[in-house]
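Participant: no sequence for this one, just the structure:
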């Protein structure tokens, strides 16, 4: 009974705030406030608040929540221990084979293996001697085009 009264008061206060907001010509915000303020009344009307009130004071329900929490902790603990030991999904299914083939870890070089073993050629330098003259020639051309 007390929970229903509190929910009704919260909803009434929310509707009052929505009315003030609508008076200030903020209709979208007022509609949002109305939506939020109708949630507690809807929960009371559907019986969710009564169910929560009965569940909150029921020791058997709390024991059930404790059993559920224990099962989740045990599940997560066994998963963590299993991963720490190095066994993955293959160990769970009973397969001893490694899920990734040993040859798959080496990169495939294919037909161009001779080219891949050679070091890359150094970049060609221009007549300026600094090696970066080619990089700035484009910038110089743009600046000259604009008269700078």
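Facilitator: Good, I have the coordinates. The structure presented is a predicted model; accordingly, all values stated were derived computationally and were not measured.
Participant: and residue 62, how many neighbours?
Facilitator: By the other C-beta atoms under 10 Å criterion, the neighbourhood of residue 62 contains 12 residues. (C-beta placed from N, C-alpha, C; glycine too.)
Participant: Would you check how far apart it and residue 143 are?
Facilitator: 77 Å (C-beta to C-beta, to the nearest Å).
Participant: How about residue 75?
Facilitator: In terms of C-beta to C-beta, residue 75 sits 66 Å off from residue 143.
Participant: low pLDDT regions in this structure?
Facilitator: Confidence mapping of the chain against pLDDT under 70 gives the ranges 87-134.
Participant: now the helices for it?
Facilitator: Along the chain, the segments classed as helices by DSSP state H run 2-23, 27-46, 48-56, 59-85, 89-93, 113-117, 133-145.
Participant: List the buried residues for the first one?
Facilitator: Translated: helix 2-23. Counting neighbours by 16 or more other C-beta atoms under 10 Å, one finds that the buried residues in helix 2-23 are 4, 7, 11, 14, 17-18, 21-22.
Participant: again, but for stretch 20-36
Facilitator: By 16+ other C-beta under 10 Å, the buried positions in stretch 20-36 come out as 21-22, 30, 33-34.
Participant: can you tell me the distance between the two ends of that stretch?
Facilitator: Chord length of stretch 20-36, first to last residue, is 15 Å (C-alpha to C-alpha, to the nearest Å).
Participant: how many neighbours does the nearest residue to residue 4 once chain neighbours are set aside have?
Facilitator: Excluding the flanking residues, the one nearest residue 4 by C-beta to C-beta, 6 or more residues apart in numbering is residue 44, at 4.9 Å. Counted by other C-beta under 10 Å, the residues lying close to residue 44 total 18.
Participant: can you pull the contacts of residue 44?
Facilitator: Taking C-beta atoms under 8 Å, 6 or more residues apart in numbering, we find residue 44 in contact with 3-4, 7-8, 50.
Participant: What distance do you get for it to residue 54?
Facilitator: Taken as C-beta to C-beta, the span from residue 44 to residue 54 is 14 Å.
Participant: Repeat that for residue 18.
Facilitator: Distance of residue 18 to residue 54, computed by C-beta to C-beta: 31 Å.
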